[in-house]
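**Student:** model this:
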Amino acid sequence: MQAALNAVPSIVILELGANDGLRGMPIAAMQTNLDQMIMDFQKTGARVILAGMTLPRNYGVVYVKSFEDAFRGLAGKYNLPLIPFFLEGVAGNPKYTLQDFLHPNAEGYTLVTDIVMKTLAPILKK
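**Tutor:** Residues are numbered from 1 along each chain as shown. Below is the predicted model of the structure:
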């Protein structure tokens, strides 16, 4: 059992929900937090896949673009595979979400899994 507790993942899918952005967290602070997590995971030897997020458009073009750019910038900085928006086609679609139109239902999670696997599968084959 102790060995399992000390196990280090070989692949980490790092994803933030939209809460940081929805709360108006400064982009620089969010980016710093992600940056530190990426460095910490890489120090263990884990390969990191960065899963991006977006925000509702009523948060303003500048803030939404900056939020999305934080993910693209970190993926570029660390040469990470990037899933631009892992809820693509799910968020906002009542067929694939709970009543809040944000969180996936069972069908939505099937789509999210497909989106993630497009990036993860080639890495698993290596």
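**Student:** neighbours around Pro81, how many?
**Tutor:** Other residues near Pro81 come to 17 when the count uses other C-beta atoms under 10 Å. Quick note: C-beta positions are derived from backbone N, CA and C, even for glycine.
**Student:** what's near enough to touch it?
**Tutor:** 49-50, 75, 119, 123 (C-beta atoms under 8 Å, 6 or more residues apart in numbering).
**Student:** show me where pLDDT drops low in this structure?
**Tutor:** Residues of the chain meeting the criterion pLDDT under 70: 1-5.
**Student:** Buried residues in the longest helix along the chain, which are they?
**Tutor:** Taking residue count as the measure and DSSP state H as the definition, the longest helix of the chain comes out as helix 106-125. By neighbour count on 16 or more other C-beta atoms under 10 Å, the buried set for helix 106-125 is 108, 111-112, 115-116, 119-120.
**Student:** And these, which is closest to Asn19?
**Tutor:** Asn19 has its nearest neighbour among the buried residues of helix 106-125 in Val112, at 17.1 Å by C-beta to C-beta.
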